[in-house]
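What would the 3D arrangement of this be:
(one chain, ligands or ions: 3)
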Amino acid sequence: MSTNSTTYPPLASIPHHVGIIMDGNGRWAKSRGLIRHAGHQAGVDNIRPVLEGCVEFGIKVLTVYAFSTENWHRPLEEVSGLMRLLGFTIRHRLHELHQNGVQIRHSGRLTGINKELQKQILHAIEYTKHNDQIILNVAFNYGGRGEILDAVRQVIAEGIDPETLTEETFSRYLYTGDLPDPDMIIRTGGDWRLSNFLIWQAAYSEYYTTPTYWPDFDKNELYKAIVEYNHRERRFGRILDGETTPA
Ligand code: IPE
Ligand code: IPE
Ligand code: MG
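Ligands and ions are numbered 1, 2, ... in the order given. Modelled structure (predicted):
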């Protein structure tokens, strides 16, 4: 992947998995006198440089929140615009992503998405499954509560003994499957909420929000977020420098 000449001082700790709530496309468009769809287009175009930044900084998994189950309640025109945009992106960007070693994953329900787009999503996953430069996990038609419910349904359907079910095995039934939990969740557009994003997996994620709208969020902003991450003390309920008692 191409990188620009700016050099960033190395950081002690790089999050392995970053989740981004790519919010603010509509406001970005409005502030420029454009229609909302132009904001979504600019938003999709912005994934590439941020992904490049992730590779440069050593992030191994990037999960981007692209369409929530609640977003179906938006006007039909906007919803179909977003669906078309995903199809267009897979058609026109898949080859390049593949050449750059990006492994594509999907988190969300396929049901509800039109059949043709479902096929494209499955093709993108299959086509890139052996790539190992970075995982780009696209949360599309994703809702955290629905994900937990789908996992519970599957656990019940498989007749798993409730007594033996652990948090670890349950996690494997989530859409994110074998992916590690996100270390950091970034939200652009200034709001301080998860909006149903990775609500199980983000239990101990470091949260970071910036007022910058998603289409303007660049590599420098990503670096700033990782600098902030380096200032966080992750305790996971323990006392730092104290003894750890096994539970
Ligand atoms: C995020 O941008 C993209 C999606 C939710 C699909 P928005 O469309 O929510 O932009 P704002 O929040 O209205 O500015
Ligand atoms: C969150 O943004 C969903 C995505 C970025 C895909 P929203 O704009 O849908 O969230 P709310 O409605 O402000 O909570
Ligand atoms: Mg929004």
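
Any buried residues in the helix ranked longest in the chain, and which?
The helix spanning the most residues in the chain, taking DSSP state H as the definition, is helix 76-99. Buried residues in helix 76-99, counted by 16 or more other C-beta atoms under 10 Å: G81, L82, M83, L85, L86, G87, T89, I90, R93, L94, L97, H98. For every residue, glycine as well, the C-beta is placed using N, CA and C.

and the fourth one, what does it touch?
This points to L85. Taking C-beta atoms under 8 Å, 6 or more residues apart in numbering, we find L85 in contact with H40, Q41, V44.

buried sites along the host helix or strand of R48?
Using DSSP states H and E, R48 sits within helix 36-57. Using 16+ other C-beta under 10 Å as the test for burial, helix 36-57 gives 36-44, 46-57.

Stretch 17-35 too?
So stretch 17-35, judged by 16+ other C-beta under 10 Å, has buried residues 17-29.

Turn those residues into a markdown table, including secondary structure, distance to R105 and pLDDT.
Formatted as a markdown table, those follow (DSSP: H, G, I helix; E, B strand; the rest coil; distance: C-beta to C-beta, whole Å; pLDDT from 0 to 100):
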| residue | secondary structure | distance to R105 | pLDDT |
| --- | --- | --- | --- |
| H17 | strand | 12 | 99 |
| V18 | strand | 14 | 99 |
| G19 | strand | 13 | 99 |
| I20 | strand | 15 | 99 |
| I21 | strand | 17 | 99 |
| M22 | coil | 16 | 99 |
| D23 | coil | 21 | 99 |
| G24 | coil | 24 | 99 |
| N25 | helix | 22 | 99 |
| G26 | helix | 26 | 99 |
| R27 | helix | 28 | 99 |
| W28 | helix | 26 | 99 |
| A29 | helix | 28 | 99 |
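
Mind giving me the packing neighbours of the helix or strand harbouring Y65?
Taking DSSP H and E as the criterion, Y65 maps to strand 61-68. The contact analysis (3 or more C-beta pairs under 8 Å, 6 or more residues apart in numbering; DSSP states H and E) places strand 61-68 against strand 17-21, helix 36-57, helix 76-99, strand 134-142.
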